[in-house]
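# predicted model, plus sequence, below.
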Amino acid sequence: MKDIRLSRKKIIISVLLLVVVALAGVVGWQLKPASADEMKRCMLVVERTSWQAICADGHPILFFDSLSTDNKPHGVTAYRDSALHRHHMAGCWINTLPLLPSCKGRVACVDVTPKKHGRITADSLLVFCQRSVKDQLRTLQQQHDELAYYLRVHGVQDNGYQHIAGMAQWVNKEYDGVKAAERIIDSLIAKKNVRLTMKDQNLYVAVYRDETGKLTRQPMTVVSNGNASSPTVLQTKDQQTPDGVSAMTRMPWNLSQTRNVRAVGFGGLGENGLACDTVSPEIIPGSIRKGQHNLPRILVSDGSAVFTAKGWPLGLVKGNRIVRIDR
């Protein structure tokens, strides 16, 4: 009986030792500096598609892509797809626990959401929409006339004819959407018993290359919104970390200490003409001093991951500073 108890005790101790060794191995793996390849594999492009809508009795009937500082809506239309605004930003796969692999499809980014409506009411916005629509129709009509004249005096065989014809088709479609919006606005203003509300819509998609190098897109949901000192956290809808990516683990480093750093960014991200199929992060050297970095903005946009020169993660670029990943 005594031998059986000793054997059980040895087994328990052996199992505990194996668990400790395994845990130490995992922690050691997480604490090791990231290689250049791992730095690049922690990055992705986050695509945010946004639009804003005016709803009548809960049903969206008018759409626009943004508001100016004087509450003038831009791109008012009856067609939702014509009001979509796409914004691309850098994102980073992250672990939520300090020393353990715990990504579960989470991504940190520095999201600058479109201007909110503030205190403006849907009824007041309707008046602004009416003014905006008149300006849009005037501009689109002028574009239509200019393109129509070109198509009348040039032949199909002329250089650029097909391109101009495509532009004319696009202008005509936009004109139809804005004209339909004008009719809806006039109808709503004439009615007195319609309840108007406004909605901001944002859809997020992760754009990255999988372990085979294939460009992949996955829808995401918002886990938490960012603030001045922390990033926005998103998560893939299936809550799974894709194969082939590398997640950043937060470290308790002093971000104000002067040191050389390595940032991973997408050159020109967010600039006009960027195509998502050119996802290719690059490592850019720089330094931080008194909490501020000297990384070039055109190469290292907000949300780019920053590492020490040896490869330990520091955080994400936000403006001229680096913010910690604390979630």
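Good, I have the coordinates.
# alpha carbons only for contacts and neighbour counts from here, please
Fine.
# skipping adjacent residues, who's closest to residue 87 in space?
Spatial nearest neighbour of residue 87, excluding adjacent residues (C-alpha to C-alpha, 6 or more residues apart in numbering): residue 48 at 5.2 Å.
# what's near enough to touch residue 283?
When contacts are counted by C-alpha atoms under 8 Å, 6 or more residues apart in numbering, residue 283 touches 36, 40, 262-265.
# in the stretch 201-327 of the chain, where is pLDDT below threshold?
The stretch 201-327 of the chain contains residues with pLDDT under 70 at 251-256, 270-279, 326-327.
# any chance you could map the helices in it?
Taking DSSP state H, counting those that start in this stretch as the criterion, the stretch 201-327 of the chain carries no helices.
# tell me where it has strands.
Taking DSSP state E, counting those that start in this stretch to define them, one finds strands in the stretch 201-327 of the chain at 215-224, 232-236, 259-265, 282-289, 292-293, 305-308, 313-318, 321-323.
# what angle do the second one and strand 215-224 make?
Interaxial angle of strand 232-236 relative to strand 215-224 (axes from the mean of the first three to the mean of the last three C-alpha atoms, to 10 degrees): 130 degrees.
# do the third one as well
Computed with the same axes, to 10 degrees, the direction of strand 259-265 lies at 120 degrees from that of strand 215-224.
# now strand 259-265, how far from the chain's geometric center?
Centre-to-centre, strand 259-265 and its host chain are 21 Å apart (C-alpha atoms, centre = their mean, to the nearest Å).
# can you list the strands that it pairs with?
strand 282-289 (antiparallel), strand 305-308 (antiparallel) (DSSP bridges).
# so which bits of the longest one are buried?
Read that as strand 282-289. By neighbour count with 16 or more other C-alpha atoms under 10 Å, strand 282-289 contains the buried residues 282-288.
# again with the shortest one
Residues 305-308 are the ones in strand 305-308 that count as buried (16+ other C-alpha under 10 Å).
# strands of the stretch 51-200 of the chain, residue ranges please.
Using DSSP E, counting those that start in this stretch, strands in the stretch 51-200 of the chain cover 59-64, 66-67, 73-74, 85-93, 106-109, 196-209.
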